[in-house]
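> Sequence and predicted structure, then a few things I'm wondering about:
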Amino acid sequence: LAWAMERGETELGLRLGSALVEFWHLHVHHNEARRWLEGALAEEVGSPPARMKALERAAFLAWEQGDYERAMALGEEGLVLARRFEDSTGVATILVNLGSVAMSRMEVDRASALLEEAVATSRASGDDWGLSHALYTLGMVAVVRHDHAGAMTLHEESLALARKSGDEVGIVRALGQGALTALVRGDLRQADKLSKATLELSRRLGIWHYSASCLSIFGASA
């Protein structure tokens, strides 16, 4: 990355930075990730597909750190590119990011609309990974709305798709959403069961911030 940016190889910097975001995210190196990606994006060069992916990834990181204004700006810029080039996977992923921002701001109706569009887009394109992620996030909105039955249905479909595609991070997310749903509807035995499964997998994968979330659910259940 340093070599690419020092030599003006911004396209390569965008591609490398985008590819590394999941690693940076899972190991909680968000400041490092944003520094590289935003530095590359500031050059305002690179192919539209590379910039779109980098904008999507940078928006996700900004949301993770609670920088909602920046996350919204990056996401909306990326969405314009994704729609222009009819990249259905990019559209769906960015819609999930924007829906997550809206949910974090407690703009529940907006979050629901964005995430429902993401679900429909992923279904139409046959993108099981994207669909699992969109369903998980829509399930979190259902939890906020106290739609416990709807949230559990979304959890079950998201989990099944993650297992089908072998996406272990998606499995952790879906299990965690199911545990939270069970907790808020008062099914403490199910909450503990799902939290235990989430904790075991997140520890094996070394995803410590998910482990911390599980411990919070265990504590609330107790």
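Thanks, I have it. Numbering: from 1, shown residues only.

> and Leu98, what does it touch?
59, 72, 75-76, 79, 114 (Cβ atoms under 8 Å, 6 or more residues apart in numbering). All C-beta spots, glycine's among them, are computed from the backbone N, C-alpha and C.

> before we move on, what SS does it have?
Using DSSP: H, G, I helix; E, B strand; the rest coil, the structure places Leu98 in helix.

> Tell me how far it lies from Leu20.
22 Å (Cβ to Cβ, to the nearest Å).

> Tell me which residues are up against the host helix or strand of Ala73.
Taking DSSP states H and E as the criterion, Ala73 maps to helix 68-84. The contact list for helix 68-84, computed with Cβ under 8 Å, 6+ apart, reads 41, 48-49, 51-53, 55-56, 58-60, 62-63, 87, 90-91, 94-95, 97-98, 101, 104-105.

> Let's see which of those end up in helices.
Residues of the contacts of helix 68-84 located in helices (DSSP state H): 41, 48-49, 51-53, 55-56, 58-60, 62-63, 90-91, 94-95, 97-98, 101, 104.

> quick one: Val119 and Gly130 touch, right?
No: Val119 lies out of contact with Gly130 (Cβ atoms under 8 Å); the separation is 9.0 Å.

> Quick one: residues contacting Ser158.
Contacts of Ser158 (Cβ under 8 Å, 6+ apart): 132-133, 135-136, 139, 170, 173-174, 177.

> Show the model's pLDDT score for it.
pLDDT for Ser158: 97.

> Tell me how far it lies from Gly150.
Taking Cβ to Cβ, one finds Ser158 at 12 Å from Gly150.

> Now for those two: what residues contact both?
Contacts common to Ser158 and Gly150, judged by Cβ under 8 Å, 6+ apart, are Gly139.

> Dihedrals phi and psi, Met106?
phi 60, psi 30 (degrees, to the nearest 10).

> so how many other residues sit close to it?
A count of nearby residues for Met106, using other Cβ atoms under 10 Å, gives 9.

> And for it, nearest residue in space, chain neighbours not counted?
Nearest non-adjacent residue to Met106, counting by Cβ to Cβ, 6 or more residues apart in numbering: Val144, 7.6 Å away.

> ditto for Ala162
That would be Gly170: by Cβ to Cβ, 6+ apart, it lies 3.3 Å from Ala162.

> Now do the same contact list for the nearest residue to Gly150 once chain neighbours are set aside.
Distance criterion Cβ to Cβ, 6+ apart; nearest residue to Gly150, sequence neighbours excluded, is Ala142 at 4.4 Å. Ala142 sits next to 148, 150-151, 154, 181 when contact means Cβ under 8 Å, 6+ apart.
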